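# give me a 3D structure for the following:
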Amino acid sequence: GLLTDDEGRVRALWGSYAEQVEREEREWCAGLPAHVFAPWVDRLVAQHSPGITAPPLPVRVLDAELEAVLLSKAAQLGLPADWVSLLDDLDPERRQVLRVRSTVAASHAAQVLISGDMILAVSGQPVTSFIDVESLIAMAGTAAATEQQQQQQQQHPEQAQQQQGASMPEAAAANQQ
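All right, here's what the predicted structure looks like:
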């Protein structure tokens, strides 16, 4: 279902979720915030609008399930006091750290993370929430795609010039009118 505000704007999707834990099926209900799915909805609308073409929105996954743990509990689990202080200063409202609950088998995440690991930073930036991790992964993905595109242009400059040249007559024609 939909969760809306007083003006009728969609704020979240309400859904039922399930997981298996030690051969036991667990179910719960929770909301998925609109900022998580809004980019996909916008892209779908754009793709179905006449005369507009939009590339598919990339889907980035961590291949790990994270859970929020209170900083007090994290300290009991061995999180150093300097990290507790840093994360508390960074986000005094939540006062939490993210911990790895599980990883997808045979994934890169399974090779570098184990259940119980605490995610303290991504690309050198301290994180305290799921949105922090999502944002930094998205930025890293965008940066990696840009870097890959630049490397391809350096390796094959003639193709880049041909692609640029293909659009130049259209620009010249537009300038002459």
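# contact partners of the longest strand anywhere in the chain?
Among the segments of the chain that qualify as a strand by DSSP state E, the longest is strand 10-21. Under the contact criterion CB atoms under 8 Å, 6 or more residues apart in numbering, strand 10-21 has outside partners 1-5, 25-34, 37. (Glycine included, C-beta is placed from N, CA and C.)
# and stretch 83-92, what's buried?
Under the neighbour-count criterion of 16 or more other CB atoms under 10 Å, stretch 83-92 has 83, 84, 87, 88, 91 buried.
# turn these into TSV, columns for secondary structure, pLDDT and distance to residue 128.
TSV is the format used below for these (DSSP: H, G, I helix; E, B strand; the rest coil; pLDDT from 0 to 100; distance: CB to CB, whole Å):
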residue	secondary structure	pLDDT	distance to residue 128
83	helix	97	11
84	helix	97	11
87	helix	97	5
88	helix	97	9
91	coil	94	4
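# kindly export the longest strand of the chain (C-alpha atoms) in PDB.
Taking only C-alpha atoms (Å, rounded to 0.1, in the frame of the first residue of the first chain), the coordinates of strand 10-21 have been written out as PDB:
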ATOM      1  CA  VAL A  10       3.400   9.500  -1.600                       C
ATOM      2  CA  ARG A  11       5.900   9.300   1.300                       C
ATOM      3  CA  ALA A  12       6.500   5.500   1.300                       C
ATOM      4  CA  LEU A  13       5.300   2.100   0.100                       C
ATOM      5  CA  TRP A  14       4.000  -0.100   2.800                       C
ATOM      6  CA  GLY A  15       4.800  -3.800   2.300                       C
ATOM      7  CA  SER A  16       5.100  -7.200   3.900                       C
ATOM      8  CA  TYR A  17       8.500  -8.700   3.900                       C
ATOM      9  CA  ALA A  18       9.800 -12.200   4.800                       C
ATOM     10  CA  GLU A  19      13.100 -13.900   5.500                       C
ATOM     11  CA  GLN A  20      14.300 -17.300   6.700                       C
ATOM     12  CA  VAL A  21      16.400 -17.300   9.800                       C
END
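# mind starting the numbering at 779 from now?
Right, with 779 as the first residue, what we last looked at is strand 788-799.
# could you identify the helix or strand that succeeds that strand?
Moving toward the C-terminus from strand 788-799, the next helix or strand (DSSP states H and E) is strand 802-811.
# parallel or antiparallel, list what pairs with that next one.
strand 788-799 (antiparallel) (DSSP bridges).
# now do the strands in this protein.
Under DSSP E, the chain gives strands at 780-782, 788-799, 802-811, 842-848, 874-881, 896-897, 899-900, 903-904.
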